[in-house]
Structure formats: structure tokens, C-alpha cells
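In: Mind folding the following:
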Amino acid sequence: MNISKLEGKIRDFINSPRRQSTLLGKREGWNKLCSSLDLIGDTELAIAAYPSMCKTEGDDGASYLIVYGILQTLLLQQDAAKHIANVLDIGITLPKELQQIRMIRNSKISRKGVSQLDS
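Out: Below you'll find the predicted structure:
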């Protein structure tokens, strides 16, 4: 099942009348849940656009933007999934591959990684 279908299933799940009433009782959690689901949808659009953007040749700046952008998009999507799980009281552990994506992104483009280069 793809991420967009899972997003739809979660939306159906949380919008059933009883469940929605319970979730709305904790407004902050409800808002986090809705914004995280929106972020999942937005990042799916960005990920779908990625292959066509990779056809840019000869522009180093655009290439960096594309690579950094997809790494950041994947990180945002993972964070949104964790927020959704947290609000719904679902325990999750990131698969090894996703942990590696986080590690690569953080080591290459995070403030910590950049400040280590300055030392």
C-alpha cells in the first residue's frame, strides 16, 4: 500500500464520529494530527516531482538544491509520521533504511554537521 492510500485510511479512521470527538477533546493533538497528515500529502507531491527534477544537467546549484531538498523532504515526512503515531498512541520504530536517511541528512546538512566543518 502506498503512502497516499495510508494517509487516506488514517483520515477516514480519525474522522469517524466517535473517534473524532475523542481526538477533538485534545485540541493540540488534533491540530498536530491534521497538520502532520497535510505534511505527508505535501511531501508525497515533492517526492513525486523529484525524478523529473533530476534531469537538470550542468547546474551545480540546482543539483544541490534537489539533493538537499529530497533529504529534507524525507526527514519532514518521517517526523510527520512520528507525530501521527504519537497522537494516536501507536508505538513505531523507524526501519534501518529510514534511520540511515536521517543520519546522512543530519551529517551532511544539519547545523551540527556544518559547525563541525568550521572547526
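In: Show me where this protein has its helices.
Out: Remark: helices assigned in the chain by DSSP state H are 3-14, 17-24, 27-53, 60-87, 96-109, 111-118.
In: Please identify the buried residues of the longest one?
Out: Of the residues in helix 60-87, those buried under the neighbour-count criterion (16 or more other Cβ atoms under 10 Å) are 66, 70-71, 73-78, 80-81, 83-84, 87. Every residue, glycine included, has its C-beta placed from N, CA and C.
In: which among the residues you listed gets closest to residue 8?
Out: residue 84 (13.0 Å; Cβ to Cβ).
In: who touches the spatially closest residue to the closest one that is not a sequence neighbour in this structure?
Out: Once flanking residues are discounted, residue 84 sits nearest to residue 36: 4.9 Å by Cβ to Cβ, 6 or more residues apart in numbering. Shown in contact with residue 36 (Cβ atoms under 8 Å, 6 or more residues apart in numbering): 80-81, 83-84, 87.
In: Just give me the closest of those residues to residue 26.
Out: Distances from residue 26 to the contacts of residue 36, taken by Cβ to Cβ, are shortest for residue 87, at 8.0 Å.
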